[in-house]
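In: just to be clear, the model below is a prediction. Sequence and coordinates:
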Amino acid sequence: MKPSVAPPLRLSFAIWGLAACFYLLDFFQRVSPAALALDLSREIATSAVALGSLSSAYFITYAGCQLPGGLLIDRYGSRRVLTGAALLGMVGALVFSQAQTAGSAAAGRLIIGAAGAVAWVGMLKLASHWFSPQRFAGITGLSLAVGGLGGVLSGLPLRLLSDSFGWRAVIVGSALFALALALALYWWLRDEPQQMGFANYAHRAPQSDQPFQRPWRDLGFLCLGQVGVTGSMAAMAWLWSVPYLTSQFQLPAATATVYSSLMIVGFSAGGVFFGQLSDRLQRRKWPMLLGSAGTAIGFGLLATGGFQSSLWLTAMVLWLLSFTAGSMVLSFVFAKDLVHGQGTGAIVALVNLSVMVGSIGLPPMFGAILDHFWAGQMQAGVRLYPAEAYRWAFGFLGGWIGLTLLAQAVVREPRHH
């Protein structure tokens, strides 16, 4: 006889929280090059393209392992896969911490990316079994906020720890944390509520007055539409924000890192806001379009150069465009609705793969634009780029998001009753 009692909410949050800890660590490792950009530029990556490529190395294996990781989670469950991934992440962090060349540093980042590929997928797979479907968009937004916390920890705290102990020692510390987390995941995580005597939440197909016969057409456009927003965040908040603020406003690296962290806070807050808004409206498309448009407009405003004279106005625009970029979480909920909750791990991985395509390409492209306008100026062994270079790079990001917004607009949404 199958259990009929749903799991207590506190237990559901405890199970989800274990996976969320791994996602926090993954996000910390993902965005750490932003806080360490000056150190990496001085010791390993001497050009903007090299630094952008080092950051993108993570996303190459992260993207490449999305679909295999999603299929593994659907087949073997989150517990086994996340445990193995945490151990792999430990290895990658150790390789990165000992790197002496750009190649060896990239190798470490490639391993870290492969490990992190299953963090988000595994967490949402667990959420789909441990939480009611009516809470799923909100939990997805909260999940993004956990990643944002990891991003904040990889901001000023990482910068201060790096200044005190060296960036290599801090990365070794993250490897030890990964080992402890792997042990916790193995002993305490459970894939299904039935394993603890509770009923699994059934994600029934959403009711629609026009059931889709070919959801893959809409899923394809949905994925295409995700290439711009998160990629722009990877380029700016997770890498170029610190060099931009230090060079254009003469801020100390630690202060610039605080502003970079605020962008990640805005991204996380936007995920929670748009997730809750979507659950309340029972709509995915229009909140997602609103957020994407806001991000494109934000980069467009920066491209005009009209805020260059004011740090506070620039910081405000950076925060607002990060907040609206948080709407990208709805793409995962949207995709699950389109396929009626079937194969959640693989579907979430497919959407996440499209999200990461932009994260792979946009940081080095942003760097290539900066290198094109570089006038040969250096400071403390680091290249200085003129304001014009950043304006062109911002314009490129805004235009790219605008193009991907067109793909989002043609996706048809099931109507919920």
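Out: Now that the structure is in, tell me what you want to look at.
In: isn't there a helix covering residue 309?
Out: No: going by DSSP: H, G, I helix; E, B strand; the rest coil, the assignment for residue 309 is coil, not a helix.
In: you'd agree residue 285 is up against residue 405?
Out: No: using CB atoms under 8 Å, residue 285 makes no contact with residue 405, being 11.8 Å away. Placement of C-beta: from N, CA and C, glycine included.
In: residues near residue 101, how many?
Out: By other CB atoms under 10 Å, the residues close to residue 101 number 11.
In: who does residue 379 bridge with?
Out: residue 382 (DSSP bridges).
In: separation between it and residue 217?
Out: Distance, residue 379 to residue 217, by CB to CB, to the nearest Å: 51 Å.
In: those two - which one has more neighbours?
Out: Set side by side, residue 379 and residue 217 show more neighbours around residue 217, with 14 against 9, by other CB under 10 Å.
In: how far away is the more buried one from residue 339?
Out: In terms of CB to CB, residue 217 sits 12 Å off from residue 339.
In: can you pull the pLDDT of the residue nearest to residue 191 when sequence neighbours are not counted?
Out: What sits nearest to residue 191 in space, not counting adjacent residues and going by CB to CB, 6 or more residues apart in numbering, is residue 77, at 3.7 Å. On pLDDT, residue 77 comes in at 91.
In: residue 178 contacts residue 89, doesn't it?
Out: Yes: look at residue 178 against residue 89 with CB under 8 Å: they come within range, at 4.6 Å.
In: overlap of the contact sets of these two?
Out: Here residue 178 and residue 89 have residue 25 as joint contacts, going by CB atoms under 8 Å, 6 or more residues apart in numbering.
In: OK, contacts around residue 295?
Out: 229, 232, 321, 322, 324, 325, 401.
In: the closest residue to residue 398 other than its chain neighbours: which element?
Out: Distances taken as CB to CB, 6+ apart put residue 299 closest to residue 398, at 3.4 Å, once the chain neighbours are dropped. Assigned by DSSP states H and E, residue 299 belongs to helix 285-303.
In: which parts of that helix are buried?
Out: By 16 or more other CB atoms under 10 Å, the buried positions in helix 285-303 come out as 285, 287-289, 291-303.
In: now do the helix or strand of the chain with the lowest mean pLDDT: which elements does it pack against?
Out: Every helix and strand in the chain was compared by mean pLDDT, DSSP states H and E; the lowest is strand 382-383, with a mean of 78. Strand 382-383 sits against helix 37-43, with contacts defined as 3 or more CB pairs under 8 Å, 6 or more residues apart in numbering; DSSP states H and E.
In: what's in contact with the helix it packs on?
Out: For helix 37-43, using CB under 8 Å, 6+ apart, the contacting residues are 33, 51, 54, 105, 162, 167, 239-240, 242-243, 246, 253, 380-383.
In: now do whichever helix or strand comes after that helix: which elements does it pack against?
Out: Downstream of helix 37-43, the first helix or strand assigned by DSSP H and E is helix 48-64. In terms of contacts (3+ CB pairs under 8 Å, 6+ apart), helix 48-64 is packed against helix 9-35, helix 37-43, helix 102-116, helix 229-235, helix 344-372.
In: avg pLDDT for the longest one?
Out: Mean per-residue pLDDT for helix 344-372: 84.
In: tell me how far residue 130 lies from residue 54.
Out: 37 Å.
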